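Asks: Okay, here's the prediction I keep looking at, along with the sequence it came from:
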Amino acid sequence: MSKVTVVGAGNVGATCANVLAFNEVADEVVMLDVKEGVSEGKAMDMMQTAQLLGFDTTVVGCTNDYAKTANSDVVVITSGIPRKPGMTREELIGVNAGIVKSVAGNILKYSPDAIIVVISNPMDTMTYLSLKSLGLPKNKIIGMGGALDSSRFKYFLSQALGCNANEVEGMVIGGHGDTTMIPLARFATYKGLPVSNFLSKEQIDEVVKSTMVGGATLTGLLGTSAWYAPGAAGAYVVESIIKNQKKMIPSCVALEGEYGQSDICIGVPAIIGRNGVEKIVEIELNAEEKELFEKSAAAVRKTNDVLAEMNAI
Ligand SMILES: NC(=O)c1ccc[n+]([C@@H]2O[C@H](COP(=O)([O-])OP(=O)(O)OC[C@H]3O[C@@H](n4cnc5c(N)ncnc54)[C@H](O)[C@@H]3O)[C@@H](O)[C@H]2O)c1
Ligand SMILES: O=C(O)C[C@H](O)C(=O)O
């Protein structure tokens, strides 16, 4: 019997729960929100698709009732405010730090063994906050950003290549921010061949730029931030945990010396399985990529420093 809780039944949380149910990733999916009746309503709506779509997962909604989340194997935290056009993710820290900290504490009371997947923004800092405030082993806290950013990278590459996105491989590491993401173009491939065989430097630079502001572009179009790919990316990480798939997923994890960094949570390739972060994969970065990674880590640290100023850690 596997159980996943999604906290925050807004755009991202409900989409994540829907994908988890549709793909029968877990036997039970619980959605929890502070808004009276919203989780219950969305859960009922999803359950009314079960016969149409043919899934057997049970979806349960609740209003702030953490007892219903008890003994979850994985808990996904999406609670908090999204940005509006023109804002950065970092500007959300003032409101979201308090929400994420209290949610994470409540979750731990009922599911002490759960693996926690943090989605709320600014995600790298919210992951660091969860790690520091919960005192859990570092393998149990995973920030989701790299799965989404890599998916966007592959999308933009496929558009430039004029090919099927499923034939493209690529990874984005670093922070989940408009200026901190590092799409690793040097390692990106189309059918196993370096994309530089097919695209000019200018085209690749354009893809990198579009990827980095992928979230901001959608926020401009939608008036709030995106949810289909973010929700699906959250479910993709959860599936690798629940089914012990041990996929290599660029994820925000605690570093202790890897990539020359310590006391930080930031995006690097990691093997994600039943124990959460099973292994951090160290890839050989060149001088330019190393410099970008150091700059990205410095920016993430600067946002983490705000947590102390707020007395959140
Ligand atoms: N890491 C990523 O890749 C990524 C991707 C997309 C969105 N996000 C972030 O995810 C968060 C949610 O985005 P969204 O579009 O779903 O927003 P949303 O406003 O649609 O949903 C957020 C939900 O959280 C709920 N909530 C607020 N406080 C709560 C609490 N204490 N307990 C439980 N629920 C609470 C709200 O009632 C709301 O329903 C934002 O911070 C956004 O920036 C991150
Ligand atoms: O862009 C945002 O603020 C939401 C999210 O981090 C995203 O990348 O879609």
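Replies: Yep, that arrived. Residues are numbered from 1 along each chain as shown. Ligands and ions are numbered 1, 2, ... in the order given.
Asks: which ones are touching residue 293?
Replies: 173-174, 182, 259-261, 285 (C-beta atoms under 8 Å, 6 or more residues apart in numbering). (Each C-beta comes from the backbone N, C-alpha and C, glycine too.)
Asks: Let me know the closest of these to residue 126.
Replies: Ranked by distance to residue 126 (C-beta to C-beta), the contacts of residue 293 are led by residue 174 at 16.1 Å.
Asks: mind listing the strands for the stretch 101-250 of the chain?
Replies: Counting by DSSP state E, counting those that start in this stretch, the stretch 101-250 of the chain has strands at residues 115-118, 141-143, 168-169, 172-174, 181-183, 189-190, 193-194, 247-256.
Asks: okay, those in JSON lines with mean pLDDT and distance to residue 277 next?
Replies: Output for those, formatted as JSON lines (pLDDT from 0 to 100; distance: least, C-beta to C-beta, whole Å):
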{"stretch": "strand 115-118", "mean pLDDT": "98", "distance to residue 277": "9"}
{"stretch": "strand 141-143", "mean pLDDT": "98", "distance to residue 277": "6"}
{"stretch": "strand 168-169", "mean pLDDT": "98", "distance to residue 277": "21"}
{"stretch": "strand 172-174", "mean pLDDT": "98", "distance to residue 277": "14"}
{"stretch": "strand 181-183", "mean pLDDT": "98", "distance to residue 277": "19"}
{"stretch": "strand 189-190", "mean pLDDT": "98", "distance to residue 277": "25"}
{"stretch": "strand 193-194", "mean pLDDT": "98", "distance to residue 277": "29"}
{"stretch": "strand 247-256", "mean pLDDT": "98", "distance to residue 277": "5"}
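Asks: nearest to residue 23, of those strands?
Replies: Using C-beta to C-beta, the nearest of the strands of the stretch 101-250 of the chain to residue 23 is strand 247-256, at 14.3 Å.
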